[in-house]
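*Asks:* Here is my input, please return the structure:
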Amino acid sequence: MTSVIPPRLLYNIPMQNTPVFSQFYKTLNPAQKQAVDTIEGPVIVIAGPGTGKTTILTLRIANILLKTDTAPENILALTFTESGAYVMRRKLLEIIGASAYKVNIHTFHGFAEKIIQEYPDYFPRIIGSKIITDAEQIKIIEKLVQSRDIEILRPYGDPIYYVRSILSEIHILKRENISPKDLLKSIKNSQKEEKELSKTEAEKILKRDEKNKELALIYERYEAKLAEQKFYDFDDMLIELIKAMEKEQIFKLMLQESYHYILADEHQDANASQNRILELLVDFHDSPNLFIVGDDKQAIYRFQGASLENFLYFKDKYLSLIHI
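*Replies:* Residues are numbered from 1 along each chain as shown. The predicted structure is shown next:
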């Protein structure tokens, strides 16, 4: 893969004032130093296992604080697990001291939860609701498949056979930021392509589409039931944050003004909803201060909505790569 690195101003590090930073910085190779020093504009770092991805990210945060007048609370670092967030905070604490507690370091869901709590008026769907349990989700789907207009996903021999599969598919759709209407739209587009296929292939796609039509119907009713019963599921926090930023321009601008530098670690695990949140947070500027770190080799296989396409989306958008 060809690296395309836009012109940047590379800074000299004030080593005498930052002994811990200096100690870590001296161990970096030239590409790693470039990733740490390039603090302005969009940067995607491609790094394999054992290349110090999280260390590079935390050193870059320290460098931002050294080289700019940015306050720690105006930096947002996102990762995908609580353990990842803990490791990031611990490393940053070692480098910059107590200021590390002021830097916003969250999982994507933790960040969404924080914003929902800080700006409740923008989240009427969730405020006053409670997180739904797995058992409650299954109970709702079991009732929904009993509807008379559900046939394929309610087999005669075992009416609840597809319940867990339906719930799993709904979660995948949410992670991909696909609504019931989006799913129906994709089915219609698929039907247009059937004319160009062989009879066998067309029949196979037709059966799949009929199944997905029922899935879209159940998905829509499931969402209505959650709202009616004052429930929301884990994925709804991201979906509602996306909806609020897309609908309320002032709200989105407030968030953009709060976070001047945004960094995402282990981005090969990103799904479409998480990518959309990053995109909305930085879309005010043509060349935003967005720093993404990940391993493209680990992103080849889809896992919980993650894919190589999601990881490389910003690379295609900004054409800024550094290999370390």
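
*Asks:* Tell me the spacing between Phe80 and Glu94.
*Replies:* To Glu94, Phe80 is 22 Å away according to C-beta to C-beta, to the nearest Å. Using the backbone N, CA and C atoms, a C-beta is placed for each residue, glycine as well.

*Asks:* For these two, indicate the residue with more neighbours.
*Replies:* Taking other C-beta atoms under 10 Å, Phe80 and Glu94 do not tie; Phe80 has more neighbours (21 against 13).

*Asks:* continuing past the host helix or strand of Glu214, what's the next helix or strand?
*Replies:* Assessed by DSSP states H and E, Glu214 sits inside helix 199-228. Downstream of helix 199-228, the first helix or strand assigned by DSSP H and E is strand 231-232.

*Asks:* what's the offset of the helix or strand just after that next one from the middle of its chain?
*Replies:* Once strand 231-232 ends, the next helix or strand along the chain (criterion: DSSP H and E) is helix 236-247. Put simply, helix 236-247 sits 12 Å off its chain's centre (C-alpha atoms, centre = their mean, to the nearest Å).

*Asks:* Show me what counts as buried in the helix holding Glu214.
*Replies:* Buried positions in helix 199-228, judged by neighbour count with 16 or more other C-beta atoms under 10 Å: 205, 212-223, 225-226.

*Asks:* So for the closest residue to Pro42 other than its chain neighbours, what's the pLDDT?
*Replies:* In this structure, Pro42 finds its nearest non-sequential neighbour in Tyr318, 4.0 Å apart by C-beta to C-beta, 6 or more residues apart in numbering. On the pLDDT scale, Tyr318 is placed at 77.

*Asks:* how about the helices of this structure, start to end?
*Replies:* Taking DSSP state H, the helices of the chain run over residues 19-25, 30-37, 53-67, 82-96, 108-118, 134-144, 163-175, 180-193, 199-228, 236-247, 249-258, 272-282, 308-318.

*Asks:* Of all the ones you listed, which one is nearest Gly294?
*Replies:* Minimum separation from Gly294 across the helices of the chain (C-beta to C-beta) falls at helix 308-318, 5.4 Å.

*Asks:* Could you check the angle the closest one makes with helix 272-282?
*Replies:* 20 degrees (axes from the mean of the first three to the mean of the last three C-alpha atoms, to 10 degrees).

*Asks:* Can you tell me the centre-most residue of the protein?
*Replies:* Centroid-nearest residue in the chain, with C-alpha atoms, centre = their mean: Gln274, separated by 1.6 Å.

*Asks:* Contacts only, for the closest residue to it other than its chain neighbours.
*Replies:* The shortest distance from Gln274 to any non-neighbouring residue, by C-beta to C-beta, 6+ apart, is to Phe108 (4.9 Å). By C-beta atoms under 8 Å, 6 or more residues apart in numbering, the contact set of Phe108 is Leu78, Phe80, Leu238, Gln274, Ile277.

*Asks:* Show the model's pLDDT score for Phe108.
*Replies:* 96.

*Asks:* Ser179 now?
*Replies:* 95.

*Asks:* quick one, phi/psi of it?
*Replies:* Main-chain dihedrals, Ser179, degrees, to the nearest 10: phi -80, psi 170.

*Asks:* What separation is there between Ala35 and Ile239?
*Replies:* From Ala35 to Ile239 the distance is 32 Å (C-beta to C-beta).

*Asks:* The two: which is more packed in?
*Replies:* Taking other C-beta under 10 Å, Ala35 and Ile239 do not tie; Ala35 has more neighbours (27 against 23).

*Asks:* Am I right that that one is in contact with Thr51?
*Replies:* No. Counting by C-beta atoms under 8 Å, Ala35 sits too far from Thr51 to count as a contact (10.2 Å).

*Asks:* Give me the neighbour count for Asn74.
*Replies:* The tally of other residues near Asn74 (other C-beta under 10 Å) stands at 18.

*Asks:* and the closest residue to it other than its chain neighbours, how many neighbours does it have?
*Replies:* Computed as C-beta to C-beta, 6+ apart, the closest residue to Asn74 that is not its neighbour in sequence is His260, at 4.5 Å. Using other C-beta under 10 Å, His260 has 16 other residues around it.
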